[in-house]
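My questions are about this predicted structure, shown below with the sequence.
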Amino acid sequence: MNTRLYFWPGLLLLATSACVGTADYSRLRSELYAEQQARQKLETRVQHMEANVAPAQANTWAEVESLRRQVATLSGQMDSLQRQGSMAPGLSPAELDARIAQLEKQVQTLASQMGIELTGTRIGAPTQATPQESTAQEGRPAPLPPTQTPPSTTSAPATSAEGAGAALYQQGLDAFYARDYAKAQQLWANFVQTNPKDPLVPNALFWQGESYFQMGEFAKAVLAYQEVIEKYPNSTKLRAAMLKQGMAFLKLKKTQAGKLVLQDLVKKYPNTPEAKRAQDVLSGK
């Protein structure tokens with residue numbers, strides 16, 4: 001009789017435990033699925049942003065500001081996923097965070113070249129781009145990884161010099177993204193001095209102008225942009241240099257000079273993002 005009294009409560013407890021286990025399992029599966037869906041949506045948005053962040057897309061303040069807001073939203077979603085932990089398949093939180101950080105840097109670059117002030121981003125703190133990524137984006141092929149370099153002793157000094165130049169240029173980019181503009185300017189000046197024939201010299205000169213512009217040293221910025229305009233008329237930074245030189249003149253209250261440069265940009269390169277931005281500046285937008 002006593003055996004029966006102990007048997008039924010034990011059976012009831014076992015059944016209850018089984019139900020709790022099933023419920024917990026279902027909840028975990030639901031949470032896992034929800035996180036996986038969130039991760040996939042975030043990956044899709046990152047890919048969309050990477051496609052739309054090209055300079056040709058960012059020709060007005062509104063478009064660049066829209067990119068900034070989208071990146072901020074992605075950053076918030078990424079932080080949320082990191083707090084939840086990583087259980088779902090696909091890109092890891094660290095990989096997504098690195099891609100979002102790169103987007104932030106691209107938005108900062110676009111904003112600087114277009115003379116647009118942005119606030120509210122977390123630019124400057126996250127992951128740094130590799131020298132291969134940055135030099136490729138700035139207009140020359142990325143150097144081969146060491147494992148792919150042909151075993152030639154005669155070409156080693158040139159390869160070493162190129163690697164040192166790329167590293168110095170990258171240090172300038174890192175300082176600029178971290179908003180240490182004085183350091184960035186000095187690093188790019190050293191790059192130009194030590195690598196006078198490097199194809200990135202006009203870019204380094206332009207970015208020196210950008211550093212001066214950000215520091216409020218507009219007269220020095222004008223001179224840096226002028227070097228690009230005069231010495232490197234075929235540079236990919238020519239139009240941006242003209243735009244920012246015109247804006248620097250306006251900052252110096254040299255209105256006539258600024259307008260002439262901006263009008264010349266619109267006349268020579270119509271229907272370009274820089275020309276559209278110049279028209280906005282001329283119209284007071």
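Thanks, I have the structure now. Residues are numbered from 1 along each chain as shown.

For the stretch 51-200 of the chain, give me the ranges with low pLDDT.
Counting by pLDDT under 70, the stretch 51-200 of the chain has low-confidence residues at 51-94, 96-97, 100-101, 111, 114-162.

Kindly recompute the last result at 50.
By pLDDT under 50, the weakly predicted segments of the stretch 51-200 of the chain are 55-59, 86-88, 120-137, 139-158.

Find the helix or strand that residue 221 is a member of.
For residue 221, the host element (DSSP states H and E) is helix 218-231.

Quick one: work out the angle between the helix or strand just after that helix and helix 218-231.
Helices and strands here follow DSSP H and E; after helix 218-231, the next one along the chain is helix 238-251. Helix 238-251 and helix 218-231 meet at an angle of 150 degrees, taking axes from the mean of the first three to the mean of the last three C-alpha atoms, to 10 degrees as the criterion.

packing partners for helix 238-251?
Here helix 238-251 touches helix 93-113, helix 201-215, helix 218-231, helix 255-268, helix 273-282, going by 3 or more C-beta pairs under 8 Å, 6 or more residues apart in numbering; DSSP states H and E. In this view, the C-beta of every residue, glycine as well, is placed from N, C-alpha and C.

rerun that using 7 Å as the cut-off
Where contact means 3 or more C-beta pairs under 7 Å, 6 or more residues apart in numbering; DSSP states H and E, helix 238-251 is packed against helix 201-215, helix 218-231, helix 255-268, helix 273-282.

tell me the mean pLDDT over the first one?
Averaged over helix 201-215, pLDDT sits at 96.

The shortest one now?
Per-residue pLDDT values across helix 273-282 average out to 92.

So for that helix, what gets flagged as buried?
Neighbour-count burial for helix 273-282, with 16 or more other C-beta atoms under 10 Å as criterion, is recorded at 273-275, 277-282.

can you check stretch 252-263 too?
Here stretch 252-263 shows 254, 257-259, 261-262 as buried, counting by 16+ other C-beta under 10 Å.

before we move on, what about stretch 202-215?
Those would be 202-214, for stretch 202-215 by 16+ other C-beta under 10 Å.

which residues touch the nearest residue to residue 278 once chain neighbours are set aside?
Closest residue to residue 278 apart from its sequence neighbours, by C-beta to C-beta, 6 or more residues apart in numbering: residue 262 at 4.2 Å. Going by C-beta atoms under 7 Å, 6 or more residues apart in numbering, residue 262 touches 246, 278, 281-282.

Repeat the analysis, applying 6 Å as the threshold.
Taking C-beta atoms under 6 Å, 6 or more residues apart in numbering as the contact definition, residue 262 lies against 246, 278, 282.

So the chain: which segments form each domain?
Here the domain parsing of the chain from automatic domain parsing is 1-117, 168-285.

So what's the residue count around the nearest residue to residue 216 once chain neighbours are set aside?
Distances taken as C-beta to C-beta, 6+ apart put residue 251 closest to residue 216, at 8.0 Å, once the chain neighbours are dropped. For residue 251, the number of neighbouring residues by other C-beta atoms under 10 Å comes to 16.

Tell me the spacing between residue 251 and residue 107.
22 Å (C-beta to C-beta, to the nearest Å).

cool, and residue 282?
24 Å.

now residue 214
15 Å.

How about residue 219?
28 Å.

swap in residue 281?
As it turns out, when the distance is counted by C-beta to C-beta, residue 281 lies 20 Å from residue 107.

Next: residue 211.
Residue 211 is 18 Å from residue 107, where distance means C-beta to C-beta.

try residue 246
22 Å.

Now tabulate the buried residues of stretch 202-215 in CSV and tack on distance to residue 189.
Output for the buried residues of stretch 202-215, formatted as CSV (distance: C-beta to C-beta, whole Å):
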residue, distance to residue 189
202, 14
203, 13
204, 8
205, 9
206, 13
207, 10
208, 6
209, 11
210, 13
211, 9
212, 11
213, 15
214, 15
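
quick one: secondary structure of residue 284?
Following DSSP: H, G, I helix; E, B strand; the rest coil, we place residue 284 in the coil state.
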